[in-house]
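In: quick one, what's the 3D model for this:
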Amino acid sequence: MVPGKHRSHLVGSVVGLRNSAHVFEKGESIEGITTLERFVYVGCVHGGDRDIYQRLRHIAKSKPDYVIFSGDLTGSPELENRKSEFYRQKEKGKYKEFEYFGNLAKTLPTQVRRKLLTSVKISVSKLIKEIQSIKRSNTHIVLLEGNWDNPATSGVNMIASSDIKYFFHTKKEFIQSGLRFVSQMEILETEATLHILLPYITLLRFNKVSADRLRDVARSVDKAREDKKTIVMVGHAEANWKIHHLSGDDKLFGERSIVVSNFGRAIALFQPHEVIYPHQHAKLQDEQGAVVDVDTKYLLAVERNTERVQLVNHADSNEIPKDEVIATYLPFGYVAQEDFLV
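Out: Prediction:
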């Protein structure tokens, strides 16, 4: 925070002000049994790697009640390395003609693309085994569909392009393994919570969600609120764009603009206590560009009589007004845990 200027948008850990998910640093373990209703939220894993598999094994040992994978299970370390390099170069002004890595990937040589697709098959097969291990502990598994998991938006299709006809289909493989993706807006109601689940494709096409469906969800939310349950929204997109660009350019274009706007609209419509999301991979940075603790939160204020939310600019508040929502961001490969009182 710069003295004499504005306050930071980041509020740090708000545990104690209102329930919120605790994002675990590397090295922290989710262990121990609780009599509370325990949820674990997993950020983008993109096929997983050694560190991610280790975290998933800790989750299996702790036997939480629910594990929600918040999208983008499709991928591999090899693919992630190429993607990361692409976005690093894009930030430097290169690849202006490509909005996403997938747009570039389809221009790569066929042999390179075949190797990438093979790496996805190997990694996802390992990931499925780790998730099944968690499921065997009588943990309820929720797989929220990310943009890389939906056949209509997945970069895998772009990598295959028109010349590779037969390749590994992640979603089909999960289904055949007894694991189902949430591919449209759903609610998950438990003894202590009501979760609103928003896959990427729903946020991209939110205008196509029927008015009747929106009213049904709103009624369920109102009833859960009356019953003193915690309302949590989990979506695969950025709940706010500016918070990820406090020290740089926060202009927003194309498909990203649509999903971010629609996510804000959903938050305004249902006004959850907390919103949890991944999608971005890097950790948050403050206004000076310094990386902040992974458990740092921020607040979104619902604008009255609109379908929008605004980033709140007060870091030292000891109370959270009813019309403000706690936002928890999960960087790539990170997990969060929240215990709810039944």
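
In: from now on I want contacts and neighbour counts done on CA atoms only, so please keep to that.
Out: Noted.

In: which other residues reach the helix or strand where residue 157 lies?
Out: Using DSSP states H and E, residue 157 sits within helix 155-160. If you take C-alpha atoms under 8 Å, 6 or more residues apart in numbering as the criterion, helix 155-160 is touched by 101-103, 105-106, 108, 113-114, 116-117, 148, 151, 167.

In: could you rerun that using 10 Å?
Out: For helix 155-160, the external contacting residues (C-alpha atoms under 10 Å, 6 or more residues apart in numbering) are 74-75, 79, 100-110, 112-114, 116-117, 120, 147-151, 161, 164-170.

In: okay, buried residues for stretch 110-127 please.
Out: Neighbour counts over stretch 110-127 (16 or more other C-alpha atoms under 10 Å) mark 113-114, 116-117, 119-121, 123-125, 127 as buried.

In: what's that stretch in contact with?
Out: Applying C-alpha under 10 Å, 6+ apart, the set of residues contacting stretch 110-127 is 45-49, 52-53, 56, 73-80, 82, 105-108, 130, 133, 156-161, 163-164, 167-170, 173-174, 177.

In: list only those of these flagged as buried.
Out: Judged by 16+ other C-alpha under 10 Å, buried ones among the contacts of stretch 110-127: 45-48, 52-53, 56, 73-77, 79-80, 105-106, 130, 133, 156-161, 168-170, 173-174.

In: surely residue 328 and residue 337 touch.
Out: No: using C-alpha atoms under 10 Å, residue 328 is not in contact with residue 337, being 11.0 Å away.

In: so for the two, which residue has more residues nearby?
Out: Between residue 328 and residue 337, counted using other C-alpha atoms under 10 Å, residue 328 has the larger neighbour count: 25 against 19.

In: now that one: how far from residue 295?
Out: 8 Å (C-alpha to C-alpha, to the nearest Å).

In: what do you get for residue 99?
Out: Applying C-alpha to C-alpha to residue 99 and residue 295 gives a distance of 29 Å.

In: which one of those two has more residues nearby?
Out: Of the pair residue 99 and residue 295, residue 295 is the one with more neighbours under other C-alpha under 10 Å, namely 21 against 15.

In: is it true that the more buried one touches residue 326?
Out: No: with contact defined as C-alpha under 10 Å, residue 295 does not count as touching residue 326 (11.9 Å).

In: any idea of the pLDDT on residue 322?
Out: For residue 322, the pLDDT comes out at 68.

In: the one 4 residues further on now?
Out: Per-residue confidence for residue 326 comes out at a pLDDT of 91.

In: quick one: it is in a helix?
Out: No: the assignment for residue 326, made by DSSP: H, G, I helix; E, B strand; the rest coil, is strand rather than a helix.

In: quick check: what element follows the helix or strand containing residue 267 along the chain?
Out: Residue 267 is part of helix 254-270 when elements are defined by DSSP H and E. Per DSSP H and E, helix 254-270 leads on to strand 274-277 as the next helix or strand towards the C-terminus.

In: contacts for that next one?
Out: 18-21, 41-44, 70-71, 195-198, 230-239, 263, 267, 299-300, 324-331, 336.

In: what average pLDDT does the helix or strand that that strand is followed by get?
Out: Moving toward the C-terminus from strand 274-277, the next helix or strand (DSSP H and E) is strand 297-302. Mean pLDDT, computed over strand 297-302, is 90.

In: distance from the chain centre to strand 297-302, please.
Out: In terms of C-alpha atoms, centre = their mean, to the nearest Å, the centre of strand 297-302 is set 16 Å apart from its chain centre.

In: cool, stretch 254-268 as well?
Out: With C-alpha atoms, centre = their mean, you get 14 Å for stretch 254-268.

In: next one: residue 149 from residue 120, what distance?
Out: From residue 149 to residue 120 the distance is 12 Å (C-alpha to C-alpha).

In: ok, residue 199 next?
Out: Applying C-alpha to C-alpha to residue 199 and residue 120 gives a distance of 21 Å.

In: how about the helices in the chain?
Out: Using DSSP state H, the helices of the chain run over 50-62, 77-91, 101-105, 110-135, 155-160, 170-176, 200-204, 211-226, 254-270.

In: can I get these in CSV with distance to residue 311 and mean pLDDT?
Out: As requested, these are exported to CSV (distance: least, C-alpha to C-alpha, whole Å; pLDDT from 0 to 100):
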stretch, distance to residue 311, mean pLDDT
helix 50-62, 31, 92
helix 77-91, 23, 90
helix 101-105, 28, 87
helix 110-135, 35, 94
helix 155-160, 30, 88
helix 170-176, 35, 90
helix 200-204, 19, 97
helix 211-226, 23, 97
helix 254-270, 10, 94
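
In: tell me which of the ones you listed lies nearest to residue 37.
Out: Residue 37 lies closest to helix 50-62 among the helices of the chain, at 12.6 Å (C-alpha to C-alpha).
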